[in-house]
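>>> coordinates for the following, if possible.
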Amino acid sequence: MTGWQRFGLMLLCYFGVMVLFPDYDAAGFYFAGITLMMWTGVILVLAVINNILGLYNFPNFCRFITLVFIAAVLFSLLWYFPQKDNVTPINKLKYGEFPTMQDIKRGVNRFTFNFDFVRRRATRPENFINQELEDNKEKINETNQAIKEAAEKAKKQAAKKIEQTLEIEVE
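Predicted structure coming up:
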C-alpha cells in the first residue's frame, strides 16, 4: 500500500474514535493534531524504508505492515485519547461501556459547524448551537410532557372543586 492509502486509513481511524467517543474537549483536538503529525512521520519513514529495501515487490508483506501500522494507531488512540471523565476509551470498552447511538450522533455533531456567525467571532457559543440540538430536543419533549401532565392535573382539581361548590356532576 502507498503512503496516501495508509494516511487515509489513519484519518478514518481518528474520525472513528472521535465519533464513537465524543466526550472530549479542546485537549482531544490537540491530542489528535499532535499524534496525527507523529503518525504521518511514521508513514513517511515507512515509505522511505519501503523504497530503499524494495518492499513494494512483496504486496502481502506491505499489507501486513499496513495492518500492524493501523493496529498501532488504533491502540494508541484508544489507550491515550483524553476524555472529560478521565477514563480512556480502552478502559470504557474493557468495563463494558460501549458507544451508543446517542454517542455516535453527538460525535457526528461535533464535526458540524454553523456558518451563521454572530459578529464574525468563531468562538461564540451561538455558532455551535447545532451541536447540542439533539440533547435540547429531548429536554424540550420532557418539559412539554411535564407541562401537559400538570395541566391535566390542574383541570381535574378545578373540576373537582367546581363540582363540590356547585354540587353538580361533571363528566
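>>> C-alpha from now on. contacts and neighbour counts both.
OK.
>>> longest helix in the chain, please.
Across the chain, the helix with the greatest residue count (assigned by DSSP state H) is helix 133-166.
>>> how close does the residue minimising distance to the centre of the chain sit to residue 47?
For the chain, the residue sitting closest to the mean C-alpha position, by CA atoms, centre = their mean, is residue 107 at 2.0 Å. As judged by CA to CA, to the nearest Å, residue 107 and residue 47 stand 32 Å apart.
>>> ok, now residue 58?
According to CA to CA, residue 58 and residue 47 sit 14 Å apart.
>>> who's more crowded, the two?
Comparing residue 58 with residue 47 by neighbour count (other CA atoms under 10 Å), the higher total belongs to residue 47, at 18 against 10.
>>> which pLDDT value belongs to the more buried one?
We have a pLDDT of 91 for residue 47.
>>> repeat for residue 122
59.
>>> could you pull out the helices in this protein for me?
Using DSSP H, the helices of the chain run over 3-20, 26-53, 59-80, 89-94, 101-110, 133-166.
>>> please identify the buried residues of the fourth one?
In this case it means helix 89-94. Under the neighbour-count criterion of 16 or more other CA atoms under 10 Å, helix 89-94 has 89, 90 buried.
>>> chain center to that helix, what's the gap?
Its chain's C-alpha centre lies 15 Å from the corresponding centre of helix 89-94 when counted by CA atoms, centre = their mean, to the nearest Å.
>>> show residues contacting that helix.
Residues outside helix 89-94 that contact it (CA atoms under 8 Å, 6 or more residues apart in numbering): 21, 78, 79, 80, 81, 83, 98.
>>> switch to 6 Å and redo it
By CA atoms under 6 Å, 6 or more residues apart in numbering, the residues outside helix 89-94 that reach it are 78, 79.
>>> could you export that helix as PDB, CA atoms only?
The C-alpha coordinates for helix 89-94 follow below in PDB (Å, rounded to 0.1, in the frame of the first residue of the first chain):
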ATOM      1  CA  PRO A  89     -11.800   4.600  25.600                       C
ATOM      2  CA  ILE A  90     -10.000   1.300  26.000                       C
ATOM      3  CA  ASN A  91     -11.000   1.200  29.700                       C
ATOM      4  CA  LYS A  92     -14.600   2.100  28.800                       C
ATOM      5  CA  LEU A  93     -14.600  -0.800  26.400                       C
ATOM      6  CA  LYS A  94     -13.000  -3.100  28.900                       C
END
